[in-house]
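S.K.: Pasted the sequence and its predicted model underneath.
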Amino acid sequence: MLAWLLTLPRSVKRLISVCADIFFLISSLIAGYFLTQPTNLNHVPQIAIAFGVTLPITLFIFTKLGLYRAVIRYIGQHALGAVLAGIVSSAFVLALLFGLLQVHDKGSLIFVYAILALISSGGLRLLARMFLVQRNNGHKERVLIYGAGSSGRQLAQALMNGEQYHPVVFVDDDTTLHRSTILGIPVGSQTQITSLIKSHNISRILLAVPSASRGRRREVLDALEELPIPVQSIPGMSDLIDGSMRIDELQDVKIEDLLGRDPVAPKNKLMLANIAGKAVMVTGAGGSIGSELCRQIINYEPRVLVLFECSEFALYNIEQELSTLIKQQQLDVQVVPIMGSVQRQSLLENVMRAFSVQTVYHAAAYKHVPLVEFNVTEGVLNNIFGTHCAAEAAINTAVETFVLISTDKAVRPTNIMGATKRMAELVLQALSQRQSGTRFCMVRFGNVLGSSGSVVPLFREQIRRGGPVTVTHKDIIRYFMTIPEAAQLVIQAGAMGQGGDVFVLDMGEPVKIADLARRMVHLMGLEVKDEVHPNGDVEILYTGLRPGEKLYEELLISGNEQRTDHPRIMKANESALSWSAMQQLLMSLKAVCEDYNVEAIRSLLLNEYVAFSPSDGNCDLVSQTLVPENVGSKIKRVI
């Protein structure tokens, strides 16, 4: 019967509601009469006439106030207010008509009628809503909401109106809320979580503290990590404010929450210095760092933003995204998408000259360590000579500032990629000594979260597939930073450069990758399968270090860094080559690259300034084709 009623059209349901209200109002009047006038049958005709006039007026008020548009399952304060207003108006009209029809001493009748009508018409709607909600909650997943503040309450309300999750309990750090109820949901303390999970049969925890600092969020996640159920969070406050996400769009816990690192607000003066009103060019504009640099740059309204990228697909994506952002925010920025290679100096010069480029952020590079190990010549040509070509083009076109995006792998490198990036730094340092028209600086930092090849999305996908989660070594550690923070710090560091400066970003505490994998498994509600837990869900598989990979990364060579005006930017004091010595080294490298002599390339990189200390032998796939058995094993190690 109930299922049939729920499938009826809205118009039929409204008609049923009207008929029900007519029945409730008539019954309330009759019941009120016999409760207050059990033996007095005088004035019954007048009372009937008065009520006959009052009833349509009451229904009209209900309709105008939207009572019949309200869905019973989601009925709220407005609908109950409509019931109250209609009943009060009905009682007032009834009293007025009693006076006109000479029906005296019926105040008690009107009062009891109003009370009974309010209980029957409003109360039964609430009961119906409660019944339907409970019926609907039967198939929904029971969840605990951590955070009973404004966001937690909004989340609970959204979930109660949804079809997937049923919030059964809040947990909050505010002791004044403990033992109370919010939206009919009890509030407990953090120490009770384990018992609440068991007693309420909870299968998921939803973190609703979007305004909390990352340090605080990490503390909460540390406490929740060992619980045998998944933990998810609502979007951050910025996403909620700008409307890009709804509060009930749940997401897996972000890695930045696990790191507990709070970003430092950018200094507006530094952000504007090389961008506002200027022509800016980003090489590698479609990459993870390059694209984020572009997003940050347009917010400070350069006159022109030149996107230089060798990948057609990546260039198309970032150009479309930026054009949409500019239109939405009504920014006065011209975006110029240019496709080409940084190894073509003539193209770079023409582009820089055509658009009068004043600032260059050079993010174009091959950065995947094993792939560069397998393609040594291309890694050298792109990372070293591509940087040299871009720098010479900048000098020849009077570019004011040239900022190189470097890497922590350039410090005492054990792989070709790191060695080429250290060489790129040395090239710019030498060019700074040769001339003073263009200001060169380098910004060195570690891994960024979400970049191509990042372990975080890989781990998450492996966990969802049931494992194994692949970690190269149980003791390997890495520094991590979010892409937006890295891009902001790069821009600010570039504004501090005087010429030939090497800036190093404060990456915080290093993270042990095996521990990171283990925490991600736990926070997705699973158990790591190991000797202690042989029946666990997901195994962590150690695959061995890949070609050129080392256990830990460093950010400084000499260790005598200087502080700057920004708390997260340091300046390194490191030795450099003269331009004459660098020019000779570049000529030698160019010659052996043209001959495809990988061993000679490696030998030239083994100089005291690069400090290249390879952890593997020659892994180049082409030069090693005469030893196919070696090639097969090396290719497998990159996967």
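M.R.: Yes, it's here. Numbering: from 1, shown residues only.

S.K.: Phi and psi next, for the closest residue to residue 300 other than its chain neighbours.
M.R.: Excluding the flanking residues, the one nearest residue 300 by CB to CB, 6 or more residues apart in numbering is residue 275, at 4.4 Å. (Glycine included, C-beta is placed from N, CA and C.) Torsion angles at residue 275 (phi, psi; degrees, to the nearest 10) stand at phi -120, psi -50.

S.K.: In this structure residue 275 contacts residue 361, no?
M.R.: No - assessed by CB atoms under 8 Å, residue 275 is found out of contact with residue 361, at 9.7 Å.

S.K.: Neighbour count for those two, which is higher?
M.R.: Neighbour tally, residue 275 and residue 361, criterion other CB atoms under 10 Å: the higher count belongs to residue 361, 30 against 26.

S.K.: pLDDT score for residue 39?
M.R.: Each residue has a pLDDT score; the one for residue 39 is 64.

S.K.: buried sites along the longest helix along the chain?
M.R.: Using DSSP state H to define each element, the chain has its longest helix at helix 10-36. By neighbour count on 16 or more other CB atoms under 10 Å, the buried set for helix 10-36 is 14, 17, 21, 24, 25, 28, 29, 32, 33, 36.

S.K.: wait, doesn't the last one sit right on residue 115?
M.R.: If I follow you right, that is residue 36. No - in terms of CB under 8 Å, residue 36 does not count as a neighbour of residue 115; the distance is 11.3 Å.

S.K.: Show the contacting residues for residue 342.
M.R.: 283, 284, 308, 310, 348, 362, 364, 382, 386, 387, 389, 390 (CB atoms under 8 Å, 6 or more residues apart in numbering).

S.K.: Let's have the residues you listed in JSON lines, adding neighbour count and secondary structure.
M.R.: Putting the contacts of residue 342 into JSON lines (neighbours: other CB atoms under 10 Å; DSSP: H, G, I helix; E, B strand; the rest coil) gives the following:
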{"residue": "283", "neighbour count": "29", "secondary structure": "strand"}
{"residue": "284", "neighbour count": "27", "secondary structure": "coil"}
{"residue": "308", "neighbour count": "30", "secondary structure": "strand"}
{"residue": "310", "neighbour count": "18", "secondary structure": "coil"}
{"residue": "348", "neighbour count": "28", "secondary structure": "helix"}
{"residue": "362", "neighbour count": "26", "secondary structure": "strand"}
{"residue": "364", "neighbour count": "26", "secondary structure": "coil"}
{"residue": "382", "neighbour count": "22", "secondary structure": "helix"}
{"residue": "386", "neighbour count": "26", "secondary structure": "helix"}
{"residue": "387", "neighbour count": "29", "secondary structure": "helix"}
{"residue": "389", "neighbour count": "20", "secondary structure": "helix"}
{"residue": "390", "neighbour count": "27", "secondary structure": "helix"}
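
S.K.: between those residues, which is nearest residue 619?
M.R.: residue 382 (17.2 Å; CB to CB).

S.K.: distance of that closest one from residue 389?
M.R.: 10 Å (CB to CB, to the nearest Å).

S.K.: what touches both of the two?
M.R.: The contact lists of residue 382 and residue 389 share 342, 343, where a contact means CB under 8 Å, 6+ apart.

S.K.: Just the helices from the stretch 401-550 of the chain, written as ranges.
M.R.: 416-434, 455-464, 483-496, 513-523 (DSSP state H, counting those that start in this stretch).

S.K.: which of those sits most buried?
M.R.: Of all the helices of the stretch 401-550 of the chain, helix 416-434 carries the top mean neighbour count, a mean of 26, counting by mean count of other CB atoms under 10 Å.

S.K.: For residue 381, grab phi and psi.
M.R.: Note on residue 381: its backbone torsions stand at phi -60, psi -40 [degrees, to the nearest 10].

S.K.: How is the chain partitioned into domains?
M.R.: The chain breaks down by automatic domain parsing into domains covering 2-135, 141-259, 268-445+482-506+554-632.

S.K.: can you tell me which of the buried residues of helix 10-36 lies nearest to residue 608?
M.R.: Nearest to residue 608 among the buried residues of helix 10-36 is residue 14, at 86.2 Å by CB to CB.

S.K.: Do you know the pLDDT at the closest one?
M.R.: You'll see residue 14 listed with a pLDDT of 75.

S.K.: Also residue 319?
M.R.: You'll see residue 319 listed with a pLDDT of 97.

S.K.: For it, give me its contacts.
M.R.: Taking CB under 8 Å, 6+ apart, we find residue 319 in contact with 307, 335, 337.

S.K.: Quick check, the second one in contact with residue 323.
M.R.: Meaning residue 335. Yes - between residue 335 and residue 323 there is a contact under CB under 8 Å: 6.1 Å.

S.K.: more neighbours, those two?
M.R.: Legend: neighbour count by other CB under 10 Å for residue 335 and residue 323, higher for residue 335 (21 against 14).

S.K.: Can you give me every residue that contacts that one?
M.R.: By CB under 8 Å, 6+ apart, residue 335 lies in contact with 298, 304, 305, 307, 319, 322, 323, 326.

S.K.: Could you give the bridge partners of it?
M.R.: Counting by DSSP bridges, residue 335 is bridged to residue 305.
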